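Asker: have a look; sequence and predicted model below, questions after that.
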Amino acid sequence: MAKKTLADLGDLRGKRVLVRVDFNVPLDDAGNITSDRRIRAALPTIQHILNAGGSAIVMSHLGRPKGDPKKDAPFRMNNAAQRLGELLGRPVQKADEVIGPKVETLAKELKPGQVLVLENLRFHPGEQKGDPAFGEQLGRLADVYVNDAFGTCHRSDASMVAVPAAMKGKPRVVGFLVAKELAVLDKLLASPERPFLGILGGAKVSDKIGFIKSLLQRVDKLLIGGAMTYTFMKAQGQGIGSSRCEADKLDVARVLLAEGKGKIVLPADHLIADKPEAGAQTKVVAGVIPDGWFGMDIGPQTIARYREEIQKAKTAVWNGPMGKFEDEPFSKGTRAVAEALASSKGVTIVGGGETAEAVEQFGLDARMTHVSTGGGAFLEYVEGTAFAALAQIDDA
Ligand code: 3PG
Ligand code: MG
């Protein structure tokens, strides 16, 4: 069912709009933002609210704070609020609490065009419990609810479900980012142009079983890379040396290989190393990986084959790096896939936190049809999970 969007609301003059965004951005140890992609992705929604005469109360979680104020300091929303202000080109107020009398006063005093960012929602125990009383306290702050947190849509946290539930009767819509993500993924699921190619990497099969099953039903071919390769190889009885492998997932891997017969393509050759780190001795092998060696990336023959498949595809969806791309010597496969997708004339969709980061790092994000802001949310949506958060949004 299509959902009401911010565009359906028209004038917002004098309205306070509570916007759930996903500012769960990657941080370095000191709490500095290392990629502001998710903040930039929410700008059209926030800007629209301000231009339409509303004020915006922006709320998000950040990281997985444990409830220890000292250790949780890097997870405060201060840097995200500051970055938002820089990107909007206007001052942004930051509340030091999630909820309570001070927040209520700040919210009441908001004038049209002003922005208030609340403290990290996960500093309050009610958030991840989905607590209705906490949701009601947040919901009281505003006249309109906007969900623009695609990356969090697979969570049933209070800000995603209890808040819109408490705001029943007031407009509850999705923002432009969620609307765009859903439109792109719905089209991908319902009527992809063929040939439809899946490209799947990353370390673990276990994180992605449902995703792989869903892709196998939809794609014409599924190219495999990343460390999950070695679990699949081992499941086939091939030697993988000292490569990463999920020994307890060999049965699952066998089932997937059987289901994907004729569709799944495993790498024909590998870049291997004598240590799983940059600075190691490396070489390329076809087929079996010798004892004592670690598979680190797809090999040149595989890169050439995958490039060809990408060129032929009218639709391609990619999740998961092809190797340990953070280390330059093992980044060739991931970079080659990213470059081939960037040059493709077909529809190219990239999802998953790490994959999106890789594409951004290579400077190729703008050349994809769509780079999802979802990690888990992207995987679960493609899997076919119905999100409780979206059920709370008014139907169009
Ligand atoms: C994400 O990045 O996956 C979302 O922001 C949700 O965060 P979480 O995985 O910690 O619930
Ligand atoms: Mg996650």
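Answerer: It's in. Numbering: from 1, shown residues only. Ligands and ions are numbered 1, 2, ... in the order given.
Asker: and the residue of the stretch 251-396 of the chain that's closest to ligand 2?
Answerer: Gly376 (4.1 Å; C-beta to the ion). Just so you know, the C-beta spots here come from the backbone N, C-alpha and C atoms, and that holds for glycine as well.
Asker: could you double-check that that residue lies in contact with Cys153?
Answerer: No - judged on C-beta atoms under 8 Å, Gly376 makes no contact with Cys153 at a distance of 9.4 Å.
Asker: who has more neighbours, those two?
Answerer: A count of neighbours by other C-beta atoms under 10 Å puts Cys153 above the other of Gly376 and Cys153, at 27 against 16.
Asker: which residue packs closest to Ile272, ignoring adjacent ones?
Answerer: Spatial nearest neighbour of Ile272, excluding adjacent residues (C-beta to C-beta, 6 or more residues apart in numbering): Trp293 at 4.3 Å.
Asker: which residues are in contact with the helix or strand harbouring Leu215?
Answerer: Applying DSSP states H and E as the criterion places Leu215 in helix 209-218. Residues outside helix 209-218 that contact it (C-beta atoms under 8 Å, 6 or more residues apart in numbering): 189, 192, 196, 198, 200, 205, 222, 252, 256, 259-260, 263-264, 317, 319, 379-380, 382-384.
Asker: the residue of the stretch 251-396 of the chain closest to ligand 2: what's it in contact with?
Answerer: Counting by C-beta under 8 Å, 6+ apart, Gly376 has contacts 151, 154.
Asker: change it to 7 Å
Answerer: Contact analysis of Gly376 by C-beta atoms under 7 Å, 6 or more residues apart in numbering lists His154.
Asker: hang on, the earlier thing: go through the contacts of helix 209-218 and flag which are in strands.
Answerer: Among these, DSSP state E puts 196, 198, 200, 222, 264, 317, 319 in strands.
Asker: take those and lay them out in CSV including pLDDT, distance to Asp395 and neighbour count.
Answerer: As requested, the ones in strands among the contacts of helix 209-218 are exported to CSV (pLDDT from 0 to 100; distance: C-beta to C-beta, whole Å; neighbours: other C-beta atoms under 10 Å):
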residue, pLDDT, distance to Asp395, neighbour count
Phe196, 98, 29, 20
Gly198, 98, 31, 27
Leu200, 98, 34, 25
Leu222, 98, 34, 21
Ile264, 98, 38, 21
Val317, 98, 27, 29
Asn319, 98, 30, 27
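Asker: helices of the stretch 51-200 of the chain, residue ranges please.
Answerer: Ranges of helices within the stretch 51-200 of the chain are 69-72, 78-88, 101-108, 125-129, 132-139, 162-166, 176-190, based on DSSP state H, counting those that start in this stretch.
Asker: redo those helices as CSV? Include mean pLDDT.
Answerer: Formatted as CSV, the helices of the stretch 51-200 of the chain follow (pLDDT from 0 to 100):
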stretch, mean pLDDT
helix 69-72, 88
helix 78-88, 98
helix 101-108, 98
helix 125-129, 98
helix 132-139, 98
helix 162-166, 98
helix 176-190, 96
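Asker: in the helix holding Leu215, what counts as buried?
Answerer: Of all the residues in helix 209-218, those buried under the rule 16 or more other C-beta atoms under 10 Å are 209, 211-212, 214-216, 218.
Asker: try stretch 86-106
Answerer: Across stretch 86-106, burial judged by 16+ other C-beta under 10 Å covers 87-88, 92-95, 98-99, 103, 106.
Asker: among those residues, which one sits closest to Gly241?
Answerer: The nearest member of those to Gly241, counting by C-beta to C-beta, is Leu87 at 46.7 Å.
Asker: hmm, that closest one is touching Arg38, no?
Answerer: No - contact criterion C-beta atoms under 7 Å: Leu87 and Arg38 do not qualify, at 11.4 Å.
Asker: host element of Ser242?
Answerer: Following DSSP H and E, one finds Ser242 outside all helices and strands.
Asker: excluding its backbone neighbours, what's nearest Glu380?
Answerer: Counting by C-beta to C-beta, 6+ apart, the residue nearest Glu380 is His154, at 4.4 Å.
Asker: so where's the chain uncertain?
Answerer: Low-confidence segments of the chain (pLDDT under 70): 1.
Asker: pop out the phi and psi values for the residue of it found nearest ligand 1.
Answerer: Nearest residue of the chain to ligand 1 (C-beta to the nearest ligand atom) works out as Asn24 at 3.4 Å. Taking degrees, to the nearest 10, you get phi -80, psi 80 for the backbone angles of Asn24.
Asker: so what's it up against?
Answerer: Asn24 neighbours (C-beta under 7 Å, 6+ apart): 38, 60-63, 151.
Asker: give me the buried entries from the residues you listed.
Answerer: Among these, the ones that count as buried by 16+ other C-beta under 10 Å are 38, 60-62, 151.
Asker: mind checking which of those residues land in strands?
Answerer: Assigned to strands by DSSP E, none of the buried ones among the contacts of Asn24 qualify.
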